[in-house]
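Participant: okay, sequence plus prediction incoming.
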Amino acid sequence: MMLRLLACLILAMQLAFLPASGPSYAAETQQAAKSYDYTVLPLERNGYKLHLDCLRSVDTTYKKNILLVHGLTYSSHEFDVNYGDYSLARFLADKGYAVWRVDVAGYGQSQAVEDGFMPNSDYAAEDVAAAAAAILKISGQKQLDVLGWSWGTVTSSRFAAKHPDMVRRLVLYAPILSGLGAGNVTSPFNNNTWVHAAGDFQMTKDGAIDYNIVEPAVVAEFQSNCWRYDGNSSPNGGRRDLISSPSNLLIFPEQLKMPTFVIAGDNDPYINKDLFHSLEPKLPAGSDVVEIKGAAHAMMMEKPFYKDFRNKVMAFLEK
């Protein structure tokens, strides 16, 4: 652990001198110099203003819509790591999607909350529902696709179970199927750090980030965006849900009515392997469960795996 922390601190000092580089929505972008249209839509729920945005290619209509739902500590910038062609949001936009992202209350660019325990998994699921309803109204469509990552699989699956008529297809990427281990979350807000922001990347045996798996510039871009959009704290309601006994089920596959794609890496430390490998018969017709060997929690940013990951996602969405 000490070696890992030391390696991360050294990395932090090296990267601290790099400029913070959040998403750029100018006509010319890093991802193949393609043109995108970026729009922020007004949205409010329960008295809190929520950040809902849409990224799409300039010639794309709102016929195909996908909502990306972020994880526990950091907000929806996770899906737009704008280095090389690593951005999942831009990849989906290039495939003709209007790509929507929402920040749960208290996260990212949404309004801050006084009580960090308030936006727990069920509360966040209703924020997702509000975003989905707004998207369907704006687009004129009856259904949309939804992809959740990490804690976002808990919140998006609960939304989908409650509002099956709104969801065409559901993707659960790196699902948190059950509690990660009993603990006592006493603070309503998490203390975010530069080192913590790199915690989902794979490490070598000596505790350093494995740059055979993730490019240094990807780590830098991700960390910079975490600091830019999320700052030094984020709500802990979801964390209190997750830091619980492994017997505490967080996702209920029997409640899902739409085709569901569950995908995870076999090196992901947050996956309950027994539950994961028993998912398929519990899911609706047209569903699929895929494990990618060697990949981990952040495989959408991992050099050997990100293309395979998103190609499998697209194959499911386009069925």
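Facilitator: Alright, I've got the coordinates.

Participant: please report how far Asp103 lies from Arg45.
Facilitator: 12 Å (C-beta to C-beta, to the nearest Å). All C-beta atoms are positioned from the backbone trio N, CA, C, and that covers glycine.

Participant: between the two, who's got more neighbours?
Facilitator: Asp103 (25 against 19; other C-beta atoms under 10 Å).

Participant: ok, longest helix in the protein?
Facilitator: In the chain, taking DSSP state H as the definition, the longest helix is helix 121-139.

Participant: elements contacting it?
Facilitator: Counting contacts by 3 or more C-beta pairs under 8 Å, 6 or more residues apart in numbering; DSSP states H and E, helix 121-139 is packed against strand 44-45, strand 51-57, strand 65-69, strand 98-103, strand 144-149, helix 151-162, helix 237-242.

Participant: roughly how far apart are Leu250 and Leu275?
Facilitator: From Leu250 to Leu275 the distance is 10 Å (C-beta to C-beta).

Participant: which of these two has more neighbours?
Facilitator: In this view Leu250 and Leu275 are compared by other C-beta under 10 Å, and Leu250 has more residues nearby, 23 against 17.

Participant: and the pLDDT at the residue lying closest to the more buried one once chain neighbours are set aside?
Facilitator: Spatial nearest neighbour of Leu250, excluding adjacent residues (C-beta to C-beta, 6 or more residues apart in numbering): Val154 at 4.8 Å. Turning to Val154, the model gives it a pLDDT of 98.

Participant: contact partners for Val154?
Facilitator: 121, 148, 175-176, 238, 241-242, 250-251 (C-beta atoms under 8 Å, 6 or more residues apart in numbering).

Participant: got the buried residues for stretch 306-319?
Facilitator: Using 16 or more other C-beta atoms under 10 Å as the test for burial, stretch 306-319 gives 306, 309-310, 312-313, 316-317.

Participant: give me the average confidence score over that stretch.
Facilitator: So the average pLDDT for stretch 306-319 ends up being 97.

Participant: just the CA coordinates of it, formatted as PDB?
Facilitator: Extracted in PDB, the C-alpha atoms of stretch 306-319 (Å, rounded to 0.1, in the frame of the first residue of the first chain):
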ATOM      1  CA  TYR A 306     -11.200   0.100 -24.600                       C
ATOM      2  CA  LYS A 307     -12.000  -0.700 -28.300                       C
ATOM      3  CA  ASP A 308     -13.100  -4.200 -27.500                       C
ATOM      4  CA  PHE A 309     -15.300  -2.900 -24.700                       C
ATOM      5  CA  ARG A 310     -17.100  -0.300 -26.800                       C
ATOM      6  CA  ASN A 311     -17.400  -2.500 -29.800                       C
ATOM      7  CA  LYS A 312     -19.200  -5.100 -27.700                       C
ATOM      8  CA  VAL A 313     -21.500  -2.300 -26.300                       C
ATOM      9  CA  MET A 314     -22.300  -1.100 -29.800                       C
ATOM     10  CA  ALA A 315     -23.000  -4.700 -31.000                       C
ATOM     11  CA  PHE A 316     -25.600  -5.000 -28.300                       C
ATOM     12  CA  LEU A 317     -27.100  -1.600 -28.800                       C
ATOM     13  CA  GLU A 318     -27.500  -2.200 -32.600                       C
ATOM     14  CA  LYS A 319     -29.200  -5.600 -32.300                       C
END
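
Participant: name the surrounding residues that touch that stretch.
Facilitator: So stretch 306-319 is contacted by 66, 86, 88, 91-92, 95, 145, 147, 169, 171, 173, 259, 261, 263, 286, 288, 290, 292, 295, 299-300 (C-beta under 8 Å, 6+ apart).

Participant: where does the stretch 151-300 of the chain have low pLDDT?
Facilitator: Applying pLDDT under 70 to the stretch 151-300 of the chain flags no residue at all.

Participant: what are the ranges of the strands in it?
Facilitator: 167-173, 189-191, 233-235, 260-265, 288-292 (DSSP state E, counting those that start in this stretch).

Participant: out of these, which comes closest to Asp80?
Facilitator: strand 167-173 (15.2 Å; C-beta to C-beta).

Participant: relative to the whole chain's centre, how far out is the closest one?
Facilitator: In this view, strand 167-173 has its centroid 13 Å away from the chain centroid, taken as C-alpha atoms, centre = their mean, to the nearest Å.

Participant: try stretch 44-60
Facilitator: 16 Å.

Participant: please renumber so the chain begins at 28
Facilitator: From this message on, residue numbering opens at 28, which makes the last subject stretch 71-87.

Participant: for it, C-alpha coordinates in CSV please.
Facilitator: Taking Å, rounded to 0.1, in the frame of the first residue of the first chain, the C-alpha atoms of stretch 71-87 are listed here in CSV:
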residue,chain,number,x,y,z
GLU,A,71,-34.4,20.7,-11.9
ARG,A,72,-35.7,18.1,-9.5
ASN,A,73,-36.6,18.3,-5.8
GLY,A,74,-35.5,21.9,-5.7
TYR,A,75,-32.0,21.2,-7.0
LYS,A,76,-30.7,22.3,-10.4
LEU,A,77,-29.1,19.4,-12.3
HIS,A,78,-26.5,19.5,-15.1
LEU,A,79,-27.8,17.7,-18.2
ASP,A,80,-25.9,18.0,-21.4
CYS,A,81,-25.9,16.5,-24.9
LEU,A,82,-23.0,15.9,-27.2
ARG,A,83,-23.7,14.9,-30.8
SER,A,84,-22.2,15.1,-34.2
VAL,A,85,-23.3,18.3,-36.0
ASP,A,86,-25.4,16.3,-38.5
THR,A,87,-27.0,14.0,-36.0
